[in-house]
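Engineer: predicted model and sequence follow; I will ask about them next.
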Amino acid sequence: MAQPLVKKDDDRDEDADYSPFLGIEKGAVLQEARVFHDPQLDARRCSQVITKLLYLLNQGETLTKVEATEVFFAVTKLFQSKDIGLRRMVYLMIKELSPCADEVIIVTSSLMKDMNSRTDLFRANAIRVLCRITDGTLLTQIERYLKQAIVDKNPVVASAALVSGIHLLQTNPEIVKRWSNEVQEAVQSRAALVQFHALALLHQIRQNDRLAVNKLVASLTKGTVRSPLAQCLLIRYISQVIKESGVNSQAGDRPFYDYLEGCLRHKAEVVIFEAARTITELSNVTTRELTPAITVLQLFLSSSKPVLRFAALRTLNKVAMTHPMAVTNCNIDMESLISDQNRSIATLAITTLLKTGNESSVDRLMKQITNFMSDIADEFKIVVVEAIRSLCLKFPLKYRSLMNFLSNILREEGGFEYKKAIVDSIVILIRDIPDAKESGLLHLCEFIEDCEFTYLSTQILHFLGNEGPKTSDPSKYIRYIYNRVILENATVRASAVSTLAKFGAMVDSLKPRIFVLLRRCVFDNDDEVRDRATLYLNTLGDGSVAETDKDVKEFLFGSLDIPLTNMETSLKNYMQDPTEEPFDINSVPREVKSQPLAEKRAAGKKPAALSTPAAAPTSAADAYERLLSSIPEFASFGKLFKSSTPVELTEAETEYSVNVVKHIYDSHVVFQYNCTNTIPEQLLENVTVIVDASDAEEFSEVGTKPLRSLPYDTPGQTFVAFEKPEGVPAVGKFSNVLRFTVKEVDPSTGEAEDDGVEDEYQLEDFEVVAADYILKVGVSNFKNAWESLGPDGERVDEYGLGPRESLAEAVSTVINLLGMQPCEGTEAVPSNSRSHTCLLSGIYIGNVKVLVRLSFGIDGAKEVAMKLAVRSEDENVSEAIHEIVASGMYKVQTILEEEDQKLKNLRKEMGKDAYEAVGTALMEGNWYSPRGRYPVLVLWNYKEQHSKKEFVT
């Protein structure tokens, strides 16, 4: 028998605790079990033997069929003892052995006798054992006794019967459902545990009948549920009822809310907490509804019980994610918990404060956290680091103090995951806050001076190579990079050589110094380091101060747009048939070859441990620009201004999946259609998209690039390019049809048939909108940026946005309309706020900087008004932003909804023309009469320009 509780080489103190079961073996215990056959039973010794048997069974030891039968028959002889303690052990042993049907008959009579015993303890345990070992046939025989037990005056017996009913409901639901009347009576019991078990069983019996559950909950809220545990159950059932009926309930008439609020004044703490937690988790909960719950949780923060403090903090932490302003009143109480002895409580306090704190409290929080970090485990530290990162993105002006804090804890002791979380946070802050770049890079450089993790060192060096050359003084990073070549292992040295080469290629003035360092690397004792140094020395030029060719930069540091499988195959073929001609990378095919379906499925089952590590993340904009510049048809379009997020053109789970990315140039727009074939038995060839631009008058098609082959589950791209007026944010709607040749594929070999059939697939329409011409670019200090632009290019106007569900919806609508970057966290609107100011920034096409200040207000009728102030480097751009909003608000206020079910049915039954005609009529009706669809008198030539005199005459 294994001895898991004591290790062989442990140093044992005199006061050490030892297991009483140390060293016991199954064979010896089975020998001891012979005492069950003694004529004069020793109750104490028999109980000890049963305890040992139960211990062995719970430790995973198994008994053979013969052993289990012998023990079972021996245990049944113990029913002749009247000792209460031994009888309880006998019940446990019978349940644990789980006898077969033949053996059940032996103990059934004894158990039924005990079930009718005058000793309540025997009755309760006999009921539990009988319900555990019996089948449906025997259950009908004892059903009468179980019903009587449910309403028994003794709470132990009643609870045993109710708990047995909960277990039996899984196997014999029809029998248990006949006990409803008795269970309903037990719900009114004065015994707390009986009421708790009865309510749980009654709800399970009725859980599939929503109306019955509603009636149950409604009746119990009017009555008196005395048991605190039963009341907690009732609160949870109320929560389910509210979630199910919330869709149909009228605003402000939330059912059972008054009962939940009343539970906040209950004398039992568990009921108070359950009610408060339920209120905070209600959907669309308002600040008025939240306030009493938050007040109760705030009182729990000062409780002497750690479990109450932890529960309250965890609930407040969740509330802070959706209603941070509602939790701010608890900040003082939470700050006192930072020094709590329970580290889980302290960590929750820190993370909650970081979510609810304002800009002025950041410095004070950082001082408190500094002393706290050394006392907690790495898993808690990671949570704090992620919260600090979110806070820094929320308040960019505080990046210095937050970045210094991250750099300080980066130098302290910690595991890999902890260090990785800090490094990832610094990298994100550098990318999102331009002012933090140089200080953040220096912090990372100092970290790799003493970094013990190879992965982190290589990742930082790679990031340094991308961002370092773009700083004001790139030369200050060279020392840190070359130190890695001298002091680190081969993997880090190779990464450092590549980073040095990037600096040499991107910063011409540093190239002579970089060449001196690279020549030293040629004598390294590692092949990879020497090969990289040699490659860079031979491709970056002669080491003089001269600009590196663009093709060389792309070759050395650009992404490889050739599938690695094709590269491997071509290199193998070249090595097998060597020639005097050097290997030409242009000879490698760029299309992914079709893979047999069996191999594809087998590859998908490869264990995670054998999979290749993910490549370092690259910017999507850079990837798109490299892809488009490699296509000759689009190389002359100039610099890419913006690429949109993918727009889905097909529904989920269709045979073909297609989305489109809109690439915006100064005088062109390129549509990239990303296609995926989801049918294993088909190969698509000559895939193109036929685009109808009749609703986009300012666009004219100038070129396409079809997709030669689209195998199963292998994404591919086809492109269509349009010309538009230069620098003009032209908009329009585009209809699309996917056209291709389909060939059948043999699933076993992956080979396609020679003959194919031409086919088409209708795609959804999409639009080029004004937001596509504005690039999201944030500013760290909006006030300074606003003042720097000056009032010359400012344009101000006011707009009515019509009725809205909330102010947050109006803010979100305008942000999506403009497609600009919200600044300083102003996109978040406090609950029930009557006014709000939102700050936006971006770059307009033509690289014109634009800043927007939106001031919203909402009245009692939920009508929203907006004041729009725009500043830019060009006053024409400011006017253009106002035109976008003015035209967009018309579309926003329209009553035509694309998801309207009646319109969907109309399109399905009568076609696109009827659908568009009705849609146009609805929009025109809303334009002329936005408050109701009734006829109005309008001049036939209303939209033409006329003088006042003409109208009068």
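Structural biologist: Ah, there it is.
Engineer: excluding chain neighbours, what is closest to residue 532?
Structural biologist: Distances taken as Cβ to Cβ, 6 or more residues apart in numbering place residue 497 nearest to residue 532, at 4.6 Å, with adjacent residues excluded. Using the backbone N, CA and C atoms, a C-beta is placed for each residue, glycine as well.
Engineer: I'd assumed residue 526 was in contact with that neighbour.
Structural biologist: No. Judged on Cβ atoms under 8 Å, residue 497 makes no contact with residue 526 at a distance of 10.0 Å.
Engineer: please, where are all the strands along the stretch 601-750 of the chain?
Structural biologist: Taking DSSP state E, counting those that start in this stretch, the strands of the stretch 601-750 of the chain run over residues 642-643, 647-648, 656-664, 668-677, 682-695, 700-705, 707-710, 716-723, 732-744.
Engineer: rebuild the ones you listed as TSV, extending it with distance to residue 259 and mean neighbour count.
Structural biologist: As requested, the strands of the stretch 601-750 of the chain are arranged in TSV below (distance: least, Cβ to Cβ, whole Å; neighbours: other Cβ atoms under 10 Å):
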stretch	distance to residue 259	mean neighbour count
strand 642-643	53	20
strand 647-648	44	14
strand 656-664	48	20
strand 668-677	52	21
strand 682-695	56	18
strand 700-705	65	14
strand 707-710	59	20
strand 716-723	58	20
strand 732-744	52	18
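Engineer: do you know which of these lies nearest residue 822?
Structural biologist: strand 642-643 (17.4 Å; Cβ to Cβ).
Engineer: which residues does that closest one contact?
Structural biologist: 620-621, 624, 661-664, 772-775, 845 (Cβ atoms under 8 Å, 6 or more residues apart in numbering).
Engineer: for the residue nearest to residue 532, pull up the helix or strand it's in.
Structural biologist: Per DSSP states H and E, residue 497 falls inside helix 490-506.
Engineer: ok, residue 462 next?
Structural biologist: Residue 462 belongs to helix 454-467 when assigned by DSSP H and E.
Engineer: after that helix, heading C-terminal, what element do we hit next?
Structural biologist: Sequence order places helix 478-487 as the next helix or strand after helix 454-467, per DSSP H and E.
Engineer: how far off helix 490-506 does that next one point, in degrees?
Structural biologist: Using axes from the mean of the first three to the mean of the last three Cα atoms, to 10 degrees, the inter-axis angle of helix 478-487 relative to helix 490-506 is 150 degrees.
Engineer: now do the buried residues in helix 478-487.
Structural biologist: The neighbour-count check on helix 478-487 (16 or more other Cβ atoms under 10 Å) flags 478, 480-482, 484-485 as buried.
Engineer: could you check the angle it makes with helix 454-467?
Structural biologist: Put simply, helix 478-487 runs at 150 degrees to helix 454-467, going by the same axes, to 10 degrees.
Engineer: list the contacts of helix 478-487.
Structural biologist: Contacts of helix 478-487 (Cβ under 8 Å, 6+ apart): 445-446, 448-449, 457, 461, 464, 492-493, 495-497, 499-500, 503, 510, 513-514, 517, 520-521, 524, 529.
Engineer: per-residue confidence averaged over that helix?
Structural biologist: For helix 478-487, the mean pLDDT works out to 90.
Engineer: how about that helix as PDB, C-alpha atoms only?
Structural biologist: Provided in PDB are the C-alpha atoms of helix 478-487 (Å, rounded to 0.1, in the frame of the first residue of the first chain):
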ATOM      1  CA  ILE A 478      23.400  49.900 -30.000                       C
ATOM      2  CA  ARG A 479      25.400  49.300 -26.800                       C
ATOM      3  CA  TYR A 480      22.600  47.300 -25.300                       C
ATOM      4  CA  ILE A 481      22.200  45.200 -28.400                       C
ATOM      5  CA  TYR A 482      25.900  44.500 -28.900                       C
ATOM      6  CA  ASN A 483      26.200  43.500 -25.200                       C
ATOM      7  CA  ARG A 484      23.900  40.600 -26.000                       C
ATOM      8  CA  VAL A 485      26.300  39.400 -28.800                       C
ATOM      9  CA  ILE A 486      29.100  39.300 -26.200                       C
ATOM     10  CA  LEU A 487      27.400  37.900 -23.100                       C
END
